[in-house]
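Enquirer: How does the following fold in three dimensions:
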Amino acid sequence: MRIIPTSNIFFLLFLFITLITASCKDKESNICGDDYETDPPGQWYKGDFHVHATGASNDTGNIPSYPADIKQAAKQIGLDFVVLTDHSNSTGSDPSTTAEDPALFNQGPEFPYWKECAALTDPDFLMIDGNELSPRHPDNSVPTGHIGCLPMNLETFDTTVVFIDRPMGTVTGGNTVQQAKDAGCYTIVNHPYAFTPHIAYDWTSYDYDAMEIWNGTIGYDFQDQDGRDAWLCDLLNGKKTTAVGGSDCHRAYINPPGNGLDPALGYPTTAVFAERLEWPAIIEGLKSGKTAIFGGESRLLLDGYDGGLCRSESQETRYLRLRGSADANIGTATLSLSKATSCSDNRPDYTDGPEIEQEIIYQETIYPNDAFDIRVAIAGDKGVYSATLIGDATTYYNALSRAITIEQ
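Expert: Predicted coordinates:
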């Protein structure tokens with residue numbers, strides 16, 4: 001039998017105790033350091049999840065806005081990725097006509113720029129060919145919905161899939177959600193409370209993955225606020241819906257921040273926190289809800305920490321950290337941190353969003369070009385915590401944070 005020297009035993013015991021002590025979270029000793037625990041590996045990658053291209057959507061105007069034009073414009077404003085979401089091809093994707101032609105119904109192709117997008121992708125930029133499933137009712141006052149399709153696996157996705165969206169009045173929004181999921185898409189309810197009723201969502205399914213809570217069209221407006229309330233309601237109901245924004249840009253040459261019903265590319269931008277600029281990592285960031293939505297140079301990030309300033313999103317959370325900045329054009333802005341506790345859900349009413357019971361737990365005035373890093377103490381109470389930065393001069397340069405849900 002081998003005898004271990006006493007000095008070695010003491011050394012091993014000391015090493016064991018040291019390792020155990022270092023791994024324990026002493027909430028009172030600030031074990032994560034004198035400041036916040038460092039952010040996890042990765043960074044915020046900026047993109048646009050809702051863009052239309054000439055030749056695949058028939059409503060992009062007379063000046064070309066092809067995928068290469070879109071990439072050039074995206075690089076100029078600092079985007080890392082763009083997803084083309086041209087209308088499902090029953091008539092909306094046929095550039096030769098705007099008429100409802102039964103001969104074109106449910107024929108495809110749905111991903112006409114798949115190969116070109118792959119060729120435009122490089123180590124510093126992702127160009128993805130997605131789709132916007134676009135059913136319609138013959139009565140323009142009846143909603144159906146537009147569903148964004150983000151192919152999740154670019155290696156195995158079947159680009160020959162044909163989406164069924166016609167005849168008018170036979171396909172619901174919920175049906176297109178299911179079609180997209182069956183095809184392997186990450187699904188987004190686009191502009192759920194659109195001011196044009198026939199493109200608003202009919203709420204016939206809640207099986208979507210994400211919700212567009214800011215559609216670019218005329219900046220962040222009351223329809224977008226309704227969408228944000230619906231997102232908060234989902235979270236309060238236990239559904240892990242991710243918040244995204246999308247410009248709905250149809251003409252990449254429109255100057256920022258856009259002009260009326262002509263939104264500019266990247267207004268708003270959705271940033272996704274991911275380990276690297278690769279599509280699988282972006283999809284994982286979406287699935288985990290790690291998004292931030294903003295216009296221009298405005299930013300708003302929300303993180304939670306325990307009493308030792310270690311990252312936390314649970315009953316142990318004692319601080320919420322608000323980091324960001326205000327664009328030079330935002331005017332005087334109001335930074336608000338709220339805790340939502342209940343939802344009066346009036347869906348499927350598409351004319352008004354759910355009523356959210358919430359309290360503002362922190363508010364501050366932020367001025368143009370200001371940067372901020374604010375710590376707000378909380379008690380770890382149950383609720384859905386989220387923040388907004390809203391300017392008084394324009395609706396284009398606001399910022400919306402992700403949400404932190406604390407459950408009991």
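
Enquirer: C-alpha only now, for contacts and for neighbours.
Expert: Fine.

Enquirer: Ends of stretch 251-271, what's the gap?
Expert: 21 Å (CA to CA, to the nearest Å).

Enquirer: buried residues in it?
Expert: Judged by neighbour count (16 or more other CA atoms under 10 Å), stretch 251-271 contains these buried residues: 251-253, 256-258, 262-271.

Enquirer: what do you get for stretch 387-401?
Expert: Neighbour-count burial for stretch 387-401 [16+ other CA under 10 Å]: 387-391, 395-401.

Enquirer: Over to stretch 132-147?
Expert: By neighbour count on 16+ other CA under 10 Å, the buried set for stretch 132-147 is 132-137, 142-147.

Enquirer: which two from those end up farthest apart in space?
Expert: The distance between the two most remote of the buried residues of stretch 132-147 (CA to CA) is 18.5 Å, for Glu132 and Val142.

Enquirer: any idea how far Asp349 is from the residue nearest the centre of the chain?
Expert: Against the mean C-alpha coordinate of the chain, by CA atoms, centre = their mean, the closest residue is Val244 at 1.9 Å. Applying CA to CA, the value for Val244 to Asp349 is 21 Å.

Enquirer: Can you show me the strands along the stretch 201-350 of the chain?
Expert: Using DSSP state E, counting those that start in this stretch, the strands of the stretch 201-350 of the chain run over residues 210-215, 242-246, 258-259, 262-263, 269-274, 291-294, 299-305, 319-325, 333-344.

Enquirer: Touching the fourth one from outside, list them.
Expert: Spelled out, it's strand 262-263. For strand 262-263, contacts defined as CA atoms under 8 Å, 6 or more residues apart in numbering pick out 216-218, 247-251, 254, 256-257.

Enquirer: give me that answer again for 6 Å
Expert: For strand 262-263, the external contacting residues (CA atoms under 6 Å, 6 or more residues apart in numbering) are 216-217, 249.

Enquirer: Give the burial count for Pro102, as a bare number.
Expert: When neighbours are defined as other CA atoms under 10 Å, Pro102 has 12 of them.

Enquirer: Distance check, it against Pro167.
Expert: 8 Å.

Enquirer: The helix or strand harbouring Ile147 packs against which elements?
Expert: Using DSSP states H and E, the element containing Ile147 is strand 146-151. In terms of contacts (3 or more CA pairs under 6 Å, 6 or more residues apart in numbering; DSSP states H and E), strand 146-151 is packed against strand 131-133, strand 185-190.

Enquirer: could those go into JSON lines alongside mean pLDDT?
Expert: Putting the helices and strands packed on strand 146-151 into JSON lines (pLDDT from 0 to 100) gives the following:
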{"stretch": "strand 131-133", "mean pLDDT": "96"}
{"stretch": "strand 185-190", "mean pLDDT": "98"}
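
Enquirer: among the ones you listed, which is the most enclosed?
Expert: Mean neighbour count (mean count of other CA atoms under 10 Å) peaks for strand 131-133 among those, with a mean of 30.

Enquirer: Which one of the helices and strands packed on strand 146-151 lies nearest to Ile63?
Expert: Nearest of the helices and strands packed on strand 146-151 to Ile63, taken as CA to CA: strand 131-133 at 21.6 Å.

Enquirer: So which residues make contact with the closest one?
Expert: The contact list for strand 131-133, computed with CA under 6 Å, 6+ apart, reads 85-88, 146-149.

Enquirer: List only those of the residues you listed flagged as buried.
Expert: Using 16+ other CA under 10 Å as the burial test, the contacts of strand 131-133 include 85-88, 146-149 as buried.

Enquirer: Does Tyr319 touch Ala379 like I think?
Expert: No - using CA atoms under 6 Å, Tyr319 is not in contact with Ala379, being 8.2 Å away.

Enquirer: With neighbour numbers in mind, choose between the two.
Expert: In this view Tyr319 and Ala379 are compared by other CA under 10 Å, and Tyr319 has more residues nearby, 24 against 10.

Enquirer: Show me what that one is bridged to.
Expert: For Tyr319, the beta-bridge partners under DSSP bridges are Tyr305, Ala377.

Enquirer: now the one 5 residues further on
Expert: For Gly324, the beta-bridge partners under DSSP bridges are Leu300, Phe372.

Enquirer: do Val83 as well
Expert: According to DSSP bridges, the residues that bridge with Val83 are Ile128.

Enquirer: residues in contact with it?
Expert: Going by CA under 6 Å, 6+ apart, Val83 touches 49, 128-129.

Enquirer: which one of the contacts of strand 262-263 is nearest Gly78?
Expert: Closest approach to Gly78 among those (CA to CA): Cys249, at 16.1 Å.

Enquirer: wait, doesn't the closest one sit right on Gly266?
Expert: No - judged on CA under 6 Å, Cys249 makes no contact with Gly266 at a distance of 8.0 Å.
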